[in-house]
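Student: here is a sequence together with a model predicted from it:
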Amino acid sequence: MECNKEDNLEKCNCTYEPCPRKGICCECIAYHKNKGQLPACLFPDDVERSWDRSIKKFIEINEKGL
């Protein structure tokens with residue numbers, strides 16, 4: 001499968017600038033999964049800027065909408 005890095009970068013809200021995985025979603029997801037985290041794109045921008053990519057934080061912000 002061909003990576004659409006340029007298209008992915010347009011949608012990527014990751015604020016960690018030196019990240020070598022920006023726009024390469026499969027690498028980003030694998031990296032964060034191995035760290036017990038979720039990628040930036042699953043968080044609203046204000047939460048993403050905190051760099052708390054924990055599953056706990058994801059549940060916390062999403063259970064409010066239940």
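Tutor: Happy to help now that I have it.

Student: my read: Cys12 touches Ala40, true?
Tutor: Yes - shown here, Cys12 and Ala40 form a contact pair, counting by Cβ atoms under 8 Å, at 7.1 Å. Where C-beta positions appear, they are placed from N, C-alpha and C, glycine not excepted.

Student: quick check, pLDDT for the nearest residue to Arg49 once chain neighbours are set aside.
Tutor: In space, and not counting its chain neighbours, Arg49 is closest to Thr15: 5.5 Å by Cβ to Cβ, 6 or more residues apart in numbering. What the model reports for Thr15 is a pLDDT of 94.

Student: go on, Asn34?
Tutor: Looking at Asn34, its pLDDT is 96.

Student: any idea how far Met1 is from it?
Tutor: Using Cβ to Cβ, to the nearest Å, Asn34 is found at 21 Å from Met1.

Student: between the two, which is the more surrounded one?
Tutor: Using other Cβ atoms under 10 Å as the criterion, Asn34 and Met1 rank with Asn34 on top: 8 against 4.

Student: quick check: buried residues in stretch 29-38?
Tutor: Within stretch 29-38, the residues scored as buried using 16 or more other Cβ atoms under 10 Å are 29, 32, 37-38.

Student: ranges for the helices of this protein?
Tutor: For the chain, applying DSSP state H gives helices covering 5-11, 25-34, 45-48, 55-63.

Student: for Cys19, which of those is the nearest?
Tutor: helix 25-34 (7.9 Å; Cβ to Cβ).

Student: could I get the closest one in CSV with only the CA atoms?
Tutor: Output in CSV follows, covering the C-alpha atoms of helix 25-34 (Å, rounded to 0.1, in the frame of the first residue of the first chain):
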residue,chain,number,x,y,z
CYS,A,25,0.0,6.9,10.2
CYS,A,26,0.9,3.2,10.3
GLU,A,27,4.2,4.1,12.0
CYS,A,28,2.6,6.6,14.3
ILE,A,29,-0.1,4.1,15.5
ALA,A,30,2.4,1.3,16.0
TYR,A,31,4.7,3.7,18.0
HIS,A,32,2.0,4.9,20.3
LYS,A,33,0.5,1.4,20.7
ASN,A,34,3.8,0.1,21.9
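
Student: thank you, goodbye.
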